[in-house]
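J.: structure for this input, please:
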Amino acid sequence: MANTVLYDFKTGYPDLSLIPRERIDQFMHAIMLHSDALQYAGELPGTMRARTQIARLVAELYGMPTSVEEIIVTTGALSSADTTCRALTQPGDVVIVESPTFFFAVTIFQMSRVQVVGVPIRSDGIDLEALERTLKEYGSRVKLFYAIPAFHNPTGICYSVENRKALLALAERHNFTILEDVTYQPLYYGAAPPPIIKSFDTSGRVVTIASVSKLVMPALRVGWVYATPPMIATIQRFKGDGGTSMFNTEVVSAYIESGEFGAQIEAARRFYARKHDVMAAAMDRHMPDWLNWSAPGGGYFIWASVPDGMSAVSVIQAAQAHGIEIFPGAASYADVKDDSHLRLCFAYLPEQTIEEGIAALGKVLQGLR
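T.: Residues are numbered from 1 along each chain as shown. Got it, this is the predicted structure:
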C-alpha cells in the first residue's frame with residue numbers, strides 16, 4: 001500500500017481556493033474593531049440581525065417569502081439535523097433515511113438512540129413503494145424521514161417534483177416529519193433542481209436545513225433550520241449550545257447585507273462546474289466499460305457501481321496501493337451491507353490533479369479485469 005496519498009477522491013470537502021479571503025478578512029476586521037460580537041451569543045435562536053439576513057438568503061435561494069420567526073441559526077447543517085432529531089424523537093423511535101445516505105447523518109441520529117432504517121432510492125427519488133412498506137411495518141414509531149433531495153450525497157440524484165409531492169403526501173398520511181437537507185440545492189451546473197420539498201408543504205410537515213459551508217467557507221460553521229414558527233419553537237428548546245458563535249454569524253450577516261452573496265453563489269457554481277466537467281470527461285476517457293457511473297450535474301460527488309462478482313473494497317485497496325483514496329459506498333448504508341459502490345468527490349482537488357488522478361485510477365481499474 002502506498003504511504004502517500006497522491007489523489008484524494010475520498011474527502012468530501014470544499015476547495016478552499018473558492019473562499020473570498022480578502023472580503024471575509026474585511027468583514028472580520030470591522031467586527032473586531034466595532035462590534036460586541038466577541039461576546040457569547042446570548043440569543044439561542046441567533047441574533048435578530050443573523051436571523052433577518054439568513055431569512056433573506058433563504059428567500060433568495062428557494063424563492064419563498066421567509067420571516068425571522070421561521071429561522072434558527074445553527075452551527076452547520078449537521079447541528080441542525082442533530083437538534084431537530086432530538087426535538088422530534090424519543091429513544092426507540094424510528095428515523096428513516098435513504099439507502100444510501102450521508103454517512104455522518106446516520107451517526108448523528110443514532111446518538112439520539114433511535115432506530116435508523118434505510119429505504120432505497122431510485123434515479124427520480126425515494127422508492128415510494130418501499131417507503132410505504134416500511135411505514136406500515138414500523139407504524140407510529142416513525143417520526144422523521146431524512147432526505148437529501150437535490151444532488152444527493154452520495155448518489156448525485158435529484159428527486160423529481162412528482163416524487164417530492166408523493167413523499168409529502170405520505171408524510172401527511174402517516175404523520176411523520178420530513179427533514180430536508182438542501183445543502184447542495186444551489187450547486188447546479190446545468191438545469192436547476194426542482195423546488196425544495198418545503199415549497200409544496202401546506203401543513204408544516206417539512207423542516208429544511210442547510211449551511212453556508214459549501215458556498216463560502218466551511219470553518220464559519222453557520223447553518224440554519226427553516227420551518228414553521230410552531231416547529232421552530234419546538235426545535236429551539238433542544239438547541240443545547242447556548243447560541244451559535246456571534247462572531248461567525250456576524251461575518252455571514254455582513255456578507256449577505258453587502259449584496260455580494262449572490263455573486264459568491266454564482267462563482268461557486270462556475271468553479272465546481274469546471275471540476276465536475278473535468279472529472280466527467282476524464283472518467284469518460286479513462287474508466288473501463290464495466291464501471292457504471294453518470295455525471296450528476298450538481299453537488300460534489302460521482303457515484304459508481306462495480307459489476308456483480310467484484311468487490312468495491314478490492315477496488316479501493318488496489319487504488320490505495322497507487323496512492324489513490326476513494327470513499328467506500330458501504331459506509332453510506334444505515335442497515336444493509338453493500339460492497340458494490342464507490343463515491344468519488346470532484347470538489348476537493350484542483351482540476352489538473354483530478355485529471356491526473358482519474359487517469360491513474362483508470363490504469364488501476366483496467367488492470368483488475
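J.: average pLDDT for stretch 267-279?
T.: Averaged over stretch 267-279, pLDDT sits at 98.
J.: go on, stretch 77-84?
T.: Computed over stretch 77-84, the average pLDDT equals 97.
J.: and it, how far out from the chain middle?
T.: 12 Å (C-alpha atoms, centre = their mean, to the nearest Å).
J.: please, which helix or strand holds the residue found closest to Phe102 once you drop the neighbours it is linked to in the chain?
T.: Closest residue to Phe102 apart from its sequence neighbours, by C-beta to C-beta, 6 or more residues apart in numbering: Asn153 at 4.7 Å. Using the backbone N, CA and C atoms, a C-beta is placed for each residue, glycine as well. For Asn153, there is no enclosing helix or strand under DSSP states H and E.
J.: Asn153 and Tyr184 touch, don't they?
T.: Yes: assessed by C-beta atoms under 8 Å, Asn153 is found in contact with Tyr184 at 7.0 Å.
J.: what sits in contact with each of these two?
T.: Contact with both Asn153 and Tyr184 is made by residues 299-300, according to C-beta atoms under 8 Å, 6 or more residues apart in numbering.
J.: on the three-state scheme, the most centrally placed residue in the chain is what?
T.: By C-alpha atoms, centre = their mean, the chain has its centre lying nearest to Thr183, at 4.3 Å. Following DSSP: H, G, I helix; E, B strand; the rest coil, the label given to Thr183 is coil.
J.: just Ala304 next, same as before
T.: Classification of Ala304 by three-state DSSP places it in strand.
J.: give me the number of neighbouring residues for the residue nearest to it when sequence neighbours are not counted.
T.: Nearest residue to Ala304 in three dimensions, chain neighbours excluded: Trp293, at 4.0 Å (C-beta to C-beta, 6+ apart). Look at Trp293: counted by other C-beta atoms under 10 Å, it has 17 neighbours.
J.: so which residues of the stretch 201-350 of the chain form helices?
T.: Using DSSP state H, counting those that start in this stretch, the helices of the stretch 201-350 of the chain run over 229-236, 246-257, 261-286, 312-320.
J.: deepest-packed of those, please.
T.: Mean neighbour count (mean count of other C-beta atoms under 10 Å) peaks for helix 246-257 among the helices of the stretch 201-350 of the chain, with a mean of 23.
J.: so it versus helix 261-286, what angle?
T.: Calculated by axes from the mean of the first three to the mean of the last three C-alpha atoms, to 10 degrees, helix 246-257 forms an angle of 90 degrees with helix 261-286.
J.: mean confidence score for helix 246-257?
T.: Averaging pLDDT along helix 246-257 gives 96.
J.: so who does the residue nearest to the centre of the chain touch?
T.: 77, 148, 153, 209-211, 213-214.
J.: any idea of the pLDDT on it?
T.: 96.
J.: please apply the same query to Met1.
T.: For Met1, the pLDDT comes out at 51.
J.: ok, back up a step: for the helices of the stretch 201-350 of the chain, give me TSV that also has distance to Asp93.
T.: As requested, those are exported to TSV (distance: least, C-beta to C-beta, whole Å):
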stretch	distance to Asp93
helix 229-236	15
helix 246-257	31
helix 261-286	36
helix 312-320	32
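J.: domains for this protein, by residue range?
T.: Domains of the chain are assigned by automatic domain parsing as 7-19+263-366, 21-260.
J.: buried residues of the longest strand anywhere in the chain, list them for me.
T.: When the chain is parsed with DSSP state E, its longest strand is strand 115-122. Using 16 or more other C-beta atoms under 10 Å as the test for burial, strand 115-122 gives 115-119, 121.
J.: now stretch 134-144
T.: So stretch 134-144, judged by 16+ other C-beta under 10 Å, has buried residues 134-135, 138, 141-144.
J.: can you tell me which of those are in strands?
T.: Per DSSP E, the buried residues of stretch 134-144 map to strands at 142-144.
J.: tell me the one among these nearest to His34.
T.: Closest approach between these and His34, by C-beta to C-beta: Leu144, at 42.2 Å.
J.: what's the neighbour count on the residue lying closest to that closest one once chain neighbours are set aside?
T.: Spatial nearest neighbour of Leu144, chain neighbours left out: Val95 (4.5 Å); criterion: C-beta to C-beta, 6+ apart. Residues lying near Val95 (other C-beta under 10 Å) number 28.
J.: tell me the confidence at Val95?
T.: Value listed for Val95 in the pLDDT field: 98.
J.: tell me what it is bridged to.
T.: On the basis of DSSP bridges, Val95 is bridged to Val116, Leu144.
J.: show the contacting residues for it.
T.: Neighbouring residues of Val95 by C-beta under 8 Å, 6+ apart: 85, 89, 109, 112, 114-117, 142-146.
J.: reformat those as JSON lines; add distance to Gln53.
T.: As requested, those are exported to JSON lines (distance: C-beta to C-beta, whole Å):
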{"residue": "Cys85", "distance to Gln53": "26"}
{"residue": "Thr89", "distance to Gln53": "30"}
{"residue": "Phe109", "distance to Gln53": "29"}
{"residue": "Ser112", "distance to Gln53": "30"}
{"residue": "Val114", "distance to Gln53": "33"}
{"residue": "Gln115", "distance to Gln53": "38"}
{"residue": "Val116", "distance to Gln53": "34"}
{"residue": "Val117", "distance to Gln53": "37"}
{"residue": "Val142", "distance to Gln53": "35"}
{"residue": "Lys143", "distance to Gln53": "31"}
{"residue": "Leu144", "distance to Gln53": "28"}
{"residue": "Phe145", "distance to Gln53": "30"}
{"residue": "Tyr146", "distance to Gln53": "27"}
